[in-house]
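Visitor: what follows is a predicted structure for the sequence shown.
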Amino acid sequence: MLFSELNLNVKILKALKEQEYSKTTEIQEKVIPYLIKGRDLLGCAQTGTGKTAAFAIPILEKLSQKPITPEVYNKVQALVLAPTRELAIQIGESFNKYGQFLDIQTGVVYGGVTPKRHMKVLKREPSILVATPGRLLDLIDKECADLSCVEYFVLDEADRMLDLGMIEDVRKIIAKLPSVRQNMLFSATMPKEITKLVQSMLRNPVRIDIKSKARQKNKITQQVYNVEEPDKTARLLQLLRENKYESVLIFARTKNKVDKICKAINIANIRAKALHGDKNQSERQKVMYLFKSKEIKVLVATDVAARGIDIDGLSLVINMNIPTVPETYIHRIGRTGRAGYSGMAISFCSNQEKESLKNIKILQQLLHH
Ligand code: AMP
């Protein structure tokens, strides 16, 4: 479907044209009309499907249609919660891109920087606020964030929030919101806790299931190499030297491993950077910028640090270990082969990891049916 068929504000259409988006993705086509009508939504979809624009465009559309009354003037009217700072920043950037010709401000707040900076963000009185749950709760407690006029509420990557232990904070935030509002919840998987949250949060939702690019056949070529633990780094260096790739993201299990691997790659004269939870916010942003702009082609990361990251042209994902949780594997390889590009995922599997590999294969078979 063409965006021009969606009856959107011409200023939004102009911004989409600048992004060179003409056709909607599947999730956008299915979701945008319902959200504009005001329905609650349960979206089963991962990043890479175009889900950010699927909720950002309707929110901008609805805010642009609304007369600004004294009650809502200067107040947050749309709240988006995301599990990680990187994802929050990315979502904020999307609102800014699609809303660049509208007079609607977006603010982003997240952990890891001084709360003072965020108080400044909130003083600018954004209509749209994107936040990580912990930091937002802090700001609410300090009475710096007023959520009394929130009409649109998005919970993005709810299952990741559950993994990261954020659901209690999310519940506390929901309790502060006005009871009449439009809700959108996105989650790639539906564990029991999320189903409970869905039941308490959404009113008669439309449910949309989108197969992620990672689940579509032939989009990602997956290879497994049998490599024992002590040989993995040498095998990685060999791969990096042999392969032509635009960008490669390497996953390792712990921060310590990430640092060690990154060091080994740099010693081999290939520029690489590390991304993990011990890096401070400005370091993380800098690394992401260098990687996205392709100044650095190799990034080594932990699962948490890489969650939700969206990189164009990521051609190769290398797993230094086989994740014990099969969904983690699906999330990792889902970083490549996005928005219709093909990608490659290579995983190193030691003898000890064969059992985990079996579970991943079982999950993938289930997903393909
Ligand atoms: P998301 O799933 O929101 O992380 O989006 C995945 C990627 O697809 C991002 O790089 C978006 O900029 C891009 N994208 C989203 N919608 C479209 C569209 N309609 N046409 C082309 N690219 C898009």
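Guide: Right, received. Where do you want to start? Residues are numbered from 1 along each chain as shown.

Visitor: make it CA atoms for all contacts and neighbour counts henceforth
Guide: Fine.

Visitor: now whatever helix or strand Lys358 lives in: average pLDDT?
Guide: Assessed by DSSP states H and E, Lys358 sits inside helix 354-368. The average pLDDT for helix 354-368 rounds to 79.

Visitor: give the buried residues for that helix.
Guide: Ser356, Leu357, Asn359, Ile360, Gln364 (16 or more other C-alpha atoms under 10 Å).

Visitor: what of stretch 189-204?
Guide: For stretch 189-204, by 16+ other C-alpha under 10 Å, it's Thr189, Ile194, Val198, Met201, Leu202, Arg203.

Visitor: hmm, back to that, I'd like to know which elements the helix holding Lys358 is packed against.
Guide: helix 326-333 (3 or more C-alpha pairs under 8 Å, 6 or more residues apart in numbering; DSSP states H and E).

Visitor: just the angle between the helix it packs on and helix 354-368, please?
Guide: Helix 326-333 and helix 354-368 meet at an angle of 80 degrees, taking axes from the mean of the first three to the mean of the last three C-alpha atoms, to 10 degrees as the criterion.

Visitor: is any residue of helix 326-333 near the ligand?
Guide: No: counting by C-alpha under 6 Å from any ligand atom, the ligand has no neighbours in helix 326-333; the shortest distance is 12.5 Å.

Visitor: render the CA-only coordinates of that helix in CSV, please.
Guide: The C-alpha trace of helix 326-333 is given here as CSV (Å, rounded to 0.1, in the frame of the first residue of the first chain):
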residue,chain,number,x,y,z
PRO,A,326,16.5,-20.0,22.0
GLU,A,327,14.6,-16.7,21.7
THR,A,328,17.9,-14.9,22.3
TYR,A,329,19.3,-16.6,19.2
ILE,A,330,16.3,-15.4,17.1
HIS,A,331,16.8,-11.9,18.4
ARG,A,332,20.5,-11.9,17.6
ILE,A,333,20.2,-13.1,14.0
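
Visitor: quick check: what element follows it along the chain?
Guide: With elements assigned by DSSP H and E, the helix or strand that comes after helix 326-333 is strand 343-349.

Visitor: what's the angle from that next one to helix 326-333?
Guide: Using the same axes, to 10 degrees: strand 343-349 against helix 326-333 is 130 degrees.

Visitor: direction included, what does strand 343-349 pair up with?
Guide: Within its sheet, strand 343-349 is paired with strand 220-226 (parallel), strand 316-319 (parallel), according to DSSP bridges.

Visitor: touching it from outside, list them.
Guide: 219-228, 232, 314-322, 333, 336-337, 357 (C-alpha atoms under 8 Å, 6 or more residues apart in numbering).

Visitor: list only buried entries from those.
Guide: 219-221, 227, 232, 314-322, 333, 336-337, 357.

Visitor: related to what we said a few turns ago, turn the strands paired with strand 343-349 into JSON lines, including distance to the ligand and mean pLDDT.
Guide: Formatted as JSON lines, the strands paired with strand 343-349 follow (distance: least, C-alpha to the nearest ligand atom, whole Å; pLDDT from 0 to 100):
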{"stretch": "strand 220-226", "distance to the ligand": "16", "mean pLDDT": "90"}
{"stretch": "strand 316-319", "distance to the ligand": "16", "mean pLDDT": "93"}
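
Visitor: between these, which one is closest to Leu147.
Guide: strand 316-319 (39.8 Å; C-alpha to C-alpha).

Visitor: quick one: distance of the closest one to the chain centre.
Guide: Offset of strand 316-319 from its chain centre (C-alpha atoms, centre = their mean, to the nearest Å): 18 Å.

Visitor: just stretch 220-236 next, same as before
Guide: With C-alpha atoms, centre = their mean, you get 27 Å for stretch 220-236.

Visitor: let's see the lowest-mean-pLDDT helix or strand in the chain as PDB, backbone CA atoms only.
Guide: The weakest-scoring helix or strand in the chain, judged by mean pLDDT, DSSP states H and E, is helix 303-306 (a mean of 76). Extracted in PDB, the C-alpha atoms of helix 303-306 (Å, rounded to 0.1, in the frame of the first residue of the first chain):
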ATOM      1  CA  ASP A 303      22.700  -9.200  24.100                       C
ATOM      2  CA  VAL A 304      21.400  -6.500  26.300                       C
ATOM      3  CA  ALA A 305      23.500  -3.800  24.700                       C
ATOM      4  CA  ALA A 306      22.500  -4.800  21.200                       C
END
